[in-house]
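**Q** Whatever this is, show me its structure:
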Amino acid sequence: MACKLFIRMRMREVVIEKQIQWVLSYVQEGSVDIWKENVLEDLEAESLEYETVEEFLTDLKKEFGGENNKTIKVTELKRIEQGSRMIEEFVQEFRRVAKGSGYERRPLVEKFKREISGTRRRKLIWQKDLLEALSSDIRGQSI
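**A** Residues are numbered from 1 along each chain as shown. So this is what the prediction gives:
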């Protein structure tokens, strides 16, 4: 979604091939990286054409959606941490990553607690409402 927004706002006048190359610059690791190299070669050889960047993104989702999406979400969830971000930023990012990861209830809350800063973690360790709030939010309801 952020990718589409950036392209619409900042790359509107840029040719489709350059937009696709920009998207692919963020694709790294594993089989996605190999797929990216093939797409770049096809674009350079002009044997692959897309009318819009949305068409390209649809192909990307078809190729690496479904179960791979869950795997990606779990990997993202394993890597996420608050770091120096404000808690509000971290909570939003955590919610985004947690949706579709398959993590629920207690394991999700425990992961959240482990990744927030020390002071805030100590305040939340015993809060039982956090479990219900986080779980209901992940299921698509707002808190």
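
**Q** use CA for all of it now, contacts and neighbours both
**A** Noted.

**Q** Helix, strand, or coil at the closest residue in space to Lys73 that isn't next to it in sequence?
**A** Using Cα to Cα, 6 or more residues apart in numbering and skipping the chain neighbours, the partner closest in space to Lys73 is Ser101 (4.9 Å). Recorded secondary structure, Ser101: coil (DSSP: H, G, I helix; E, B strand; the rest coil).

**Q** Show the contacting residues for Ser101.
**A** By Cα atoms under 8 Å, 6 or more residues apart in numbering, Ser101 lies in contact with 70-74, 77.

**Q** try it again with 6 Å
**A** 70, 73-74 (Cα atoms under 6 Å, 6 or more residues apart in numbering).

**Q** Just the ones of those residues in helices?
**A** Per DSSP state H, helices hold the following members of these: 70, 73-74.

**Q** Nearest residue to the middle of the protein?
**A** Val97 (5.9 Å; Cα atoms, centre = their mean).

**Q** got the CA positions of the helix or strand hosting it in PDB?
**A** Taking DSSP states H and E as the definition, one finds Val97 inside helix 87-98. Output in PDB follows, covering the C-alpha atoms of helix 87-98 (Å, rounded to 0.1, in the frame of the first residue of the first chain):
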ATOM      1  CA  ILE A  87       5.400   3.400  21.300                       C
ATOM      2  CA  GLU A  88       2.500   4.600  19.100                       C
ATOM      3  CA  GLU A  89       4.600   4.000  15.900                       C
ATOM      4  CA  PHE A  90       5.700   0.600  17.200                       C
ATOM      5  CA  VAL A  91       2.100  -0.500  18.100                       C
ATOM      6  CA  GLN A  92       0.900   0.400  14.600                       C
ATOM      7  CA  GLU A  93       3.700  -1.500  12.900                       C
ATOM      8  CA  PHE A  94       3.200  -4.500  15.200                       C
ATOM      9  CA  ARG A  95      -0.500  -4.600  14.400                       C
ATOM     10  CA  ARG A  96       0.200  -4.500  10.700                       C
ATOM     11  CA  VAL A  97       2.800  -7.300  10.900                       C
ATOM     12  CA  ALA A  98       0.700  -9.400  13.300                       C
END
